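**Q** sharing a model prediction with you, sequence too.
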Amino acid sequence: QVQLVESGGGLVQAGGSLRLSCDSSGRTLSRYTMGWFRQAPGKEREFVATISRVGSTYYADSVKGRFTISTDNAKNTLYLQMNSLKPEDTAVYYCAAGGVDTRVILTRSRDYSYWGQGTRVTVSS
């Protein structure tokens, strides 16, 4: 069973930075494609970034150049470094795992099997 726990959310001013972490169980990062999604109030969950187990990355256009997804396999931790934050980045951020034992990048939420509980990010203007 894969367990994912996010942390690092909070309140930040526009233009600031935050780093989200997602602690995973066992060998999750070496077996699964990992992703970050977010859900703003009143909106559907949307894709943010993904990293395959061989290190390929892909970003939503809205965060490209500002956010960076990475992993530390020794710590079993997934990260999302968020810079130049905007009020429209305000959302609950979720990490997810999917595509076990493949090398694909995944951008659809339905392709992910395991989800964390989410961490809230609020960006003030």
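**A** Looks like it came in fine.

**Q** name the spans of the chain whose pLDDT lies under the cut-off.
**A** Scanning the chain for pLDDT under 70 picks out nothing.

**Q** tell me where it has helices.
**A** Per DSSP state H, the chain carries helices over the ranges 28-31.

**Q** where do the strands sit along it?
**A** 4-7, 10-13, 18-24, 33-39, 46-51, 57-59, 67-72, 77-82, 91-98, 112-115, 119-124 (DSSP state E).

**Q** can I get the ones you listed in CSV including distance to Val104 and mean neighbour count?
**A** Using the backbone N, CA and C atoms, a C-beta is placed for each residue, glycine as well. Shown next, in CSV, are the strands of the chain (distance: least, CB to CB, whole Å; neighbours: other CB atoms under 10 Å):
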stretch, distance to Val104, mean neighbour count
strand 4-7, 19, 18
strand 10-13, 32, 13
strand 18-24, 18, 20
strand 33-39, 6, 25
strand 46-51, 9, 22
strand 57-59, 10, 15
strand 67-72, 15, 17
strand 77-82, 16, 22
strand 91-98, 9, 24
strand 112-115, 12, 18
strand 119-124, 25, 17
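
**Q** dump the ones you listed to TSV, plus distance to Leu106.
**A** Output for the strands of the chain, formatted as TSV (distance: least, CB to CB, whole Å):
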stretch	distance to Leu106
strand 4-7	15
strand 10-13	27
strand 18-24	15
strand 33-39	5
strand 46-51	6
strand 57-59	9
strand 67-72	12
strand 77-82	14
strand 91-98	5
strand 112-115	6
strand 119-124	20
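
**Q** the residue nearest to the spatial centre of the chain and Gly8, how far apart?
**A** In the chain, the residue lying closest to the centroid (CA atoms, centre = their mean) is Trp36, at 2.2 Å. From Trp36 across to Gly8, the span is 11 Å (CB to CB, to the nearest Å).

**Q** alright, I will stop here.
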